[in-house]
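requesting a structural model of the entry that follows:
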Amino acid sequence: MLIEPTGKMNNISKPDNIGIKIFKEYSLEELVDYIDWTFFFREWRLNGKFPAIFNDAAKGEEAAKLFDEAQEMLKLIIDEKWLAANGTVGIFPDHLLIDKPLEKKYNERMDRSEVTIDFRY
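As a prediction, the model looks like this:
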């Protein structure tokens, strides 16, 4: 897990559900707000971060037009159920016999620190 710690993590508690959870036909309406449109604009060669790209003097107007068209298409996809969102996640207990403390090492290739945390309950 790559994270930048912001403080002490002493409030970790046992998850409510242990094991595998299956999401079948998860609501696309709920997922829409989590779409990062930055990559969509890059594919159309409108490089810039979303939503800041709309303020770009050279690309903003075209980006807004493209975004509006994409929203119409996305609404059609959701309304007519062209796609289904399915997924599987799993949370399992740690069965290691030793306690591993927080490990931090510097990754030269990525030019950043990597923090490894074992969550135990």
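
for Lys49, what are its contacts?
Thr38 (CB atoms under 8 Å, 6 or more residues apart in numbering). Quick note: C-beta positions are derived from backbone N, CA and C, even for glycine.

I'd guess it is in a strand, am I close?
No. Going by DSSP: H, G, I helix; E, B strand; the rest coil, the assignment for Lys49 is coil, not a strand.

and the pLDDT for it?
On the pLDDT scale, Lys49 is placed at 92.

also Lys14?
Reported pLDDT for Lys14: 74.

what separates Ser60 from Ala85, distance-wise?
Actually, residue 60 is Gly. It isn't Ser. 30 Å (CB to CB, to the nearest Å).

more neighbours: these two, which one.
It is Gly60, of Gly60 and Ala85, that has more neighbours when counted by other CB atoms under 10 Å, with 15 against 12.

now that the more buried one has come up, it's in contact with Ile53, right?
Yes. Assessed by CB atoms under 8 Å, Gly60 is found in contact with Ile53 at 6.5 Å.

residues in contact with Leu74?
Per CB under 8 Å, 6+ apart, neighbours of Leu74: Val32.
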